[in-house]
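*Asks:* Sequence plus the predicted model coming up.
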Amino acid sequence: MRYVGENCPYCGVPFAENDDIVVCPECATPHHRVCWFAHGECAHAELHGTNFVWKKTDEPQPEAKPEQPQNNPHNEPALDVICPDCGTKSPKGTIRCPECGAILIPFANPTGQPPMAQFRPEFDAGENIRGVKSGDIALYCRTAGAGYIRHFRRKVSWNWAALLFSPFWFFYRKLYKAGAIFLTVYLALNLIMIPAEIFAYNSSAQITAEIQELIEPYIDENASGYGGITGILSGGTSLSDEAIKAVNEFTQNNTQRIINEMLLPAIPQYLITFLLVSLRVIAALLANTIYFKKLGADVKEIRSETSDEREVQLRLLHKGGTNIFLGSGMYFICSLLLNAASMLAMR
């Protein structure tokens with residue numbers, strides 16, 4: 001492999017023969033795959049758009065000398081990579097746990113700043129953000145850490161992911177309590193929406209049929225598109241002046257009936273739709289606040305239980321991160337549940 005011996009720009013660990021490597025499509029810089037996903041972008045992202053292209057070191061890398069115990073200021077266990085899932089210790093630079101296969105984040109400096117501190121030159125892992133160090137935030141978030149650090153500098157901020165994917169975003173970010181609350185409201189509103197839609201449809205069925213029958217003689221059979229009201233609303237079918245006049249007369253003579261049978265029954269449906277949109281907006285406004293509160297509590301708990309910086313970093317990686325399987329799983333379960341409820345209601 002052409003990258004063996006070259007150093008990963010994030011963790012500083014030389015690439016080995018069997019390492020999983022990601023190459024930036026913009027500048028060809030190689031990274032460990034875990035480092036790439038931990039930061040979310042190329043280590044040389046600031047140079048993209050210039051003439052910068054990564055080049056392999058011309059001179060061969062010197063062989064690493066074994067560290068001398070007497071010169072090592074830290075004890076030996078700190079030089080090991082501890083699997084956050086099963087606790088197995090592996091040599092520094094190991095990418096996957098030999099016991100359980102979990103991905104291990106390589107650390108260039110086991111007792112210094114975390115790998116995210118090497119994300120950008122201006123990144124300060126010791127920056128205090130409302131009582132939490134930015135280095136701890138980056139480790140805890142793992143993905144999109146730089147973006148969340150910018151959000152957490154403000155007490156109130158907007159979260160587009162929570163707006164688009166609520167309430168499942170909360171489960172994705174391991175915010176299970178908040179996710180359960182938003183999911184309960186989400187399911188309740190959608191379950192109420194099903195009978196509201198059926199009621200609105202049944203209430204307007206008779207008057208819709210009468211309008212359909214009224215305009216049917218005026219519709220050109222050779223016209224493209226759907227027939228009846230559907231075709232008119234979709235623009236695929238046009239009405240003659242006589243048909244428009246007939247519809248206007250019908251609406252004038254049945255104004256109160258149209259209000260009672262079409263408009264009023266649809267109000268609950270529109271109201272529930274408004275509440276569902278409001279739920280997403282509330283989630284987008286509260287998501288970062290809830291996330292930071294949970295993050296801060298976890299960081300405080302971990303740091304109160306141990307003073308070993310190496311263990312703190314590993315526990316933050318294990319405690320934080322994302323749970324894409326639960327987030328997507330909850331989405332599919334809810335979709336199946338709502339589809340089943342809709343089919344049962346229409347029987």
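*Replies:* Everything's here; your move.
*Asks:* Spell out the secondary structure type for Lys56.
*Replies:* coil (DSSP: H, G, I helix; E, B strand; the rest coil).
*Asks:* was I right about it contacting Arg2?
*Replies:* Yes - counting by CB atoms under 8 Å, Lys56 does reach Arg2; the two are 6.8 Å apart. Every C-beta, even on glycine, is put in place using the N, C-alpha and C of the backbone.
*Asks:* Now do the end-to-end distance for stretch 301-314.
*Replies:* 14 Å (CA to CA, to the nearest Å).
*Asks:* Name the residues of it that are buried.
*Replies:* When neighbours are counted by 16 or more other CB atoms under 10 Å, the buried residues of stretch 301-314 are found to be 302-303, 308-310, 312-314.
*Asks:* That one: how far from the chain's middle?
*Replies:* How far stretch 301-314 lies from its chain's middle: 27 Å, per CA atoms, centre = their mean, to the nearest Å.
*Asks:* quick check: mean pLDDT across the strand or helix carrying Ile244?
*Replies:* Using DSSP states H and E, Ile244 sits within helix 241-253. Helix 241-253 shows a mean pLDDT of 83.
*Asks:* Ok, stretch 36-55 next?
*Replies:* 82.
*Asks:* circling back to that earlier point, would you reformat the buried residues of stretch 301-314 as CSV and include pLDDT?
*Replies:* As requested, these are exported to CSV (pLDDT from 0 to 100):
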residue, pLDDT
Ile302, 93
Arg303, 93
Asp308, 81
Glu309, 79
Arg310, 72
Val312, 84
Gln313, 80
Leu314, 78
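*Asks:* Now do the closest residue to Trp169 other than its chain neighbours against Ala284, distance only.
*Replies:* Distance criterion CB to CB, 6 or more residues apart in numbering; nearest residue to Trp169, sequence neighbours excluded, is Ala162 at 4.6 Å. To Ala284, Ala162 is 5 Å away according to CB to CB, to the nearest Å.
*Asks:* same check, this time on Phe152
*Replies:* Phe152 is 15 Å from Ala284, by CB to CB.
*Asks:* same check, this time on Lys245
*Replies:* 48 Å.
*Asks:* do the same with Ser307
*Replies:* 38 Å.
*Asks:* ok, now Lys133?
*Replies:* Per CB to CB, Lys133 is found 26 Å from Ala284.
*Asks:* same question, Ala196
*Replies:* On the measure of CB to CB, Ala196 and Ala284 end up 25 Å apart.
*Asks:* same deal with Leu326?
*Replies:* 20 Å.
*Asks:* Does Ser335 belong to a helix, a strand or coil?
*Replies:* helix.
*Asks:* Name all residues that make contact with it.
*Replies:* When contacts are counted by CB atoms under 8 Å, 6 or more residues apart in numbering, Ser335 touches no other residue.
*Asks:* Name the nearest residue to the most far-flung residue of the chain relative to its centre, ignoring sequence neighbours.
*Replies:* Distance to the chain centre peaks in the chain at Glu242, reaching 54.0 Å (criterion: CA atoms, centre = their mean). Closest residue in space to Glu242, ignoring its immediate chain neighbours: Tyr218 at 6.0 Å, by CB to CB, 6+ apart.
*Asks:* Name the nearest residue to Gln269, ignoring sequence neighbours.
*Replies:* Counting by CB to CB, 6+ apart, the residue nearest Gln269 is Ala196, at 4.6 Å.
*Asks:* by contact count, what packs against the host helix or strand of that neighbour?
*Replies:* According to DSSP H and E, Ala196 maps onto helix 176-215. Here helix 176-215 touches helix 168-172, helix 228-234, helix 241-253, helix 264-305, helix 324-345, going by 3 or more CB pairs under 8 Å, 6 or more residues apart in numbering; DSSP states H and E.
*Asks:* from the chain's centre, how far out does the third one sit?
*Replies:* Okay, so that is helix 241-253. Computed by CA atoms, centre = their mean, the chain-centroid distance of helix 241-253 equals 51 Å.
*Asks:* cool, the last one as well?
*Replies:* Here helix 324-345 is found 18 Å from its chain centre; the criterion is CA atoms, centre = their mean.
*Asks:* Could you list the buried residues of it?
*Replies:* Buried, per 16+ other CB under 10 Å, within helix 324-345: 326-327, 330, 334, 338, 341-342.
*Asks:* Other residues contacting stretch 322-331?
*Replies:* Applying CB under 8 Å, 6+ apart, the external contacts of stretch 322-331 come out as 142-143, 165, 167-169, 171-174, 179, 183.
*Asks:* what two of those are the furthest from one another?
*Replies:* Greatest spatial distance among those (CB to CB): Arg142 and Leu183, at 23.4 Å.
*Asks:* Show me how the protein divides into domains.
*Replies:* Annotated domains of the chain cover 1-64, 170-345 [automatic domain parsing].
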